[in-house]
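need a 3D model of the following:
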Amino acid sequence: MTCTNHFFCFLYFVFAATLLSRIESKTADNLLKGFTVTPDASVTSFQPLLTDSNANYSLGLLRVNHTQLALVILHLPSSQQLWVATTNRSPRWSTSTQILFNGSLVISDKHSRVFWSTKTNGERVYLANTSNLQIHGQDSILWQSFDFPSDTLLENQNFTSHMTLNSANGLYYMRLGYNFIGLYAKFSRHSGQDQNYYKHKAMEIKAKIIEGQGSIYASLSSDGFLGMYQNVTAPIDIQSFSSFQQFNPGNRILKIESDGNLKGYYWTGSSWILDYQAIPEFCELPSSCGPYGLCHRGKGCSCLNNETEYSSGKCESSENNSGDFCSLRDSKYKVLRKNGVELPYKEQMVYEQMNTLEQCERSCKDSCKCWGAVYSNTSGFCYMIEYPIQTLVSVGDDSKVGYFKVRDSAGSNKVAIGLGIGAVLFCGAVLVFGWAVVIWRRKRRVSRAYVEGESGVVGVGPYKDLASESFSSIELSERR
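Just a heads-up that it's a prediction; the model follows:
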């Protein structure tokens, strides 16, 4: 092609250079020092910054709720979020927010507030074709996203005892113990202790845990299993997936979901297929039917109080699950009892042996930290619940009895306050009306006395004087 017009040739080359620079910025697998970018106002979902060499994964800005942003890694064929930079507060999707690399990868704004930083002194940012985001120094990796997982683990990503896998809603997380994988729930802000609702202990069939040889770690194998290891080749435990040892050309992930379950998936090339569930039964999930819900195996949900319809998806106001019973303001509650119920994860709950149901209830009643208790008349086990009541499981055994405290909701308090104010205003209105009637009657009586005084009837005090003397003076003054 030959250019006959120098001006159009110049425009063409400028356009081509701009287009190529945009393509390179979207497909680059490195970011160097001095890189800076701000959110693009025209982008409605995802603004890519960095892509791996196979174009399967991309680091970029995800637009959240129209006005906020998150720095994430996406699986491009499915737009599945695999990693997110954890910030204390959400940055805004505006030109005042910037993502930069100055040795550290940083999210900040023009007011010098730093939302998130890798706190490194590296040379470049690199996205591997495993989705692992890395900060490289001159001859080493200074930081990598595989060391800071959010809610998802990838194939061959080591999960150590120093890491936590958190659900997107922040209610549930996975951690490793000395010899087990545990799932935990953050049911209470006040107790300071989270509830363990699932525990898988290492079977130690192929290898034993050796004390003093280091902590265990978990890893998702491309062969289709979740293994636990301790610095040895042979796993100390294997949890097989449905596709165990089957050829799978796609990717595998392990994710803690917002319902608290731990699930495994594999990518078929067009969709993610469920391959594993740590908790296969719906009623065994930590809060399958929500607070104060009752789960019926194979039948769905209802409410513990038998009065509230579950069609709304809620059995108690969320206000009933805030606060505690140790403060004077929140100490008022009503009692709810229910037969034929048990906790979905009672194997992980602490219990005490007690002689009677009354003793179990009294122990909970006397403790301001206790939200409820479940008692078995057969075994004498009393399970104390020191967090807001979640879902219970319906069982065909009336010897298992639940005792639950239900806080007076803030809504009820507001109604009570409103009624009180209304009553005060009503009483005030009655008093004002009564006083007005008294004044009106007095004036009427005076007027009558004044009229009768002109007819020769003795008047009342000064009104008689006013009628006989002063009134003529007023008339004279008006005439003037």
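
low-confidence regions, the stretch 51-200 of the chain specifically.
Applying pLDDT under 70 to the stretch 51-200 of the chain flags the ranges 190-192.

got it, and the stretch 201-350 of the chain?
Looking at the stretch 201-350 of the chain by pLDDT under 70, you get 248-250, 318-323, 328-330.

can you give me the strands in it?
Taking DSSP state E, counting those that start in this stretch to define them, one finds strands in the stretch 201-350 of the chain at 217-221, 225-229, 237-240, 252-256, 262-267, 272-277, 293-296, 300-303, 333-339, 341-342.

so which elements touch the first one?
Helices and strands touching strand 217-221, as assessed by 3 or more CB pairs under 8 Å, 6 or more residues apart in numbering; DSSP states H and E, comprise strand 152-154, strand 159-160, strand 225-229, strand 252-256. Yep, even glycine has a C-beta here, placed from its N, CA and C like the rest.

buried residues in stretch 263-272?
Neighbour-count burial for stretch 263-272, with 16 or more other CB atoms under 10 Å as criterion, is recorded at 263-267, 272.

farthest pair in these?
Greatest spacing in those, by CB to CB: 263 and 267 (13.8 Å).

which residues does the most centrally placed residue in the chain contact?
The centroid of the chain falls nearest to residue 169 when counting by CA atoms, centre = their mean (4.0 Å). Contact analysis of residue 169 by CB atoms under 8 Å, 6 or more residues apart in numbering lists residue 258.

go with 10 Å
Neighbouring residues of residue 169 by CB atoms under 10 Å, 6 or more residues apart in numbering: 151, 186, 257-260.

okay if I get the residues you listed as a markdown table plus distance to residue 295 and neighbour count?
Formatted as a markdown table, the contacts of residue 169 follow (distance: CB to CB, whole Å; neighbours: other CB atoms under 10 Å):
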| residue | distance to residue 295 | neighbour count |
| --- | --- | --- |
| 151 | 24 | 23 |
| 186 | 20 | 17 |
| 257 | 17 | 16 |
| 258 | 17 | 13 |
| 259 | 12 | 16 |
| 260 | 13 | 24 |
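
need the strands of the stretch 201-350 of the chain in TSV with distance to residue 37, can you?
Formatted as TSV, the strands of the stretch 201-350 of the chain follow (distance: least, CB to CB, whole Å):
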stretch	distance to residue 37
strand 217-221	32
strand 225-229	37
strand 237-240	41
strand 252-256	28
strand 262-267	29
strand 272-277	30
strand 293-296	45
strand 300-303	46
strand 333-339	53
strand 341-342	54
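
out of the helices and strands packed on strand 217-221, which is closest to residue 47?
Using CB to CB, the nearest of those to residue 47 is strand 152-154, at 20.9 Å.

and that closest one, which strands flank it?
Applying DSSP bridges to the sheet, strand 152-154 is found paired with strand 252-256 (antiparallel).

just how off-centre is stretch 355-375 within its chain?
Relative to the chain's own centre, stretch 355-375 is displaced by 29 Å; criterion: CA atoms, centre = their mean, to the nearest Å.

next, the buried residues of it.
357, 360-361, 363-365, 370-375.

what of stretch 247-259?
Result for stretch 247-259 [16+ other CB under 10 Å]: buried residues 248, 250-257, 259.

what do you get for stretch 196-204?
Applying 16+ other CB under 10 Å to stretch 196-204 flags 196-198, 200, 202 as buried.

could you do stretch 210-217 as well?
Within stretch 210-217, judged by 16+ other CB under 10 Å, the buried ones are 216-217.

pull the CA atoms of it into PDB?
This file holds the C-alpha atoms of stretch 210-217, laid out as PDB (Å, rounded to 0.1, in the frame of the first residue of the first chain):
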ATOM      1  CA  ILE A 210       6.300 -37.500  61.700                       C
ATOM      2  CA  GLU A 211       6.600 -35.200  64.700                       C
ATOM      3  CA  GLY A 212       9.200 -32.500  64.200                       C
ATOM      4  CA  GLN A 213       9.300 -32.900  60.400                       C
ATOM      5  CA  GLY A 214       7.300 -29.700  59.700                       C
ATOM      6  CA  SER A 215       3.600 -28.800  59.300                       C
ATOM      7  CA  ILE A 216       1.400 -30.600  56.800                       C
ATOM      8  CA  TYR A 217       0.200 -29.000  53.600                       C
END
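
contacting residues for the nearest residue to residue 254 once chain neighbours are set aside?
Sequence neighbours aside, residue 153 is the residue nearest to residue 254 in space, at 4.3 Å (criterion: CB to CB, 6 or more residues apart in numbering). Counting by CB under 10 Å, 6+ apart, residue 153 touches 82, 146, 159, 163, 165, 174, 218-220, 226, 252-256, 262, 264.

just the buried positions in stretch 158-169, please.
So for stretch 158-169, counting by 16+ other CB under 10 Å, buried means 159, 163, 165-167.

now, the residues you listed that are in helices?
Using DSSP state H, no member of the buried residues of stretch 158-169 sits in helices.

could those go into TSV alongside distance to residue 400?
Output for these, formatted as TSV (distance: CB to CB, whole Å):
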residue	distance to residue 400
159	37
163	38
165	33
166	33
167	29
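
rewinding a little: can I get the buried residues of stretch 263-272 in TSV with distance to residue 47?
Shown next, in TSV, are the buried residues of stretch 263-272 (distance: CB to CB, whole Å):
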residue	distance to residue 47
263	29
264	30
265	26
266	28
267	24
272	24
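
what is the nearest of those to residue 304?
residue 263 (27.9 Å).

ok, the closest one touching residue 285?
No. In this structure, residue 263 is not within contact of residue 285 by CB atoms under 10 Å, at 11.5 Å.

now for the two: what residues contact both?
Common neighbours of residue 263 and residue 285 (CB under 10 Å, 6+ apart) are 257, 279.

sorry, back to before: closest one to residue 124 out of the buried residues of stretch 355-375, please.
The closest of those, once distances to residue 124 are taken by CB to CB, is residue 371, at 51.9 Å.
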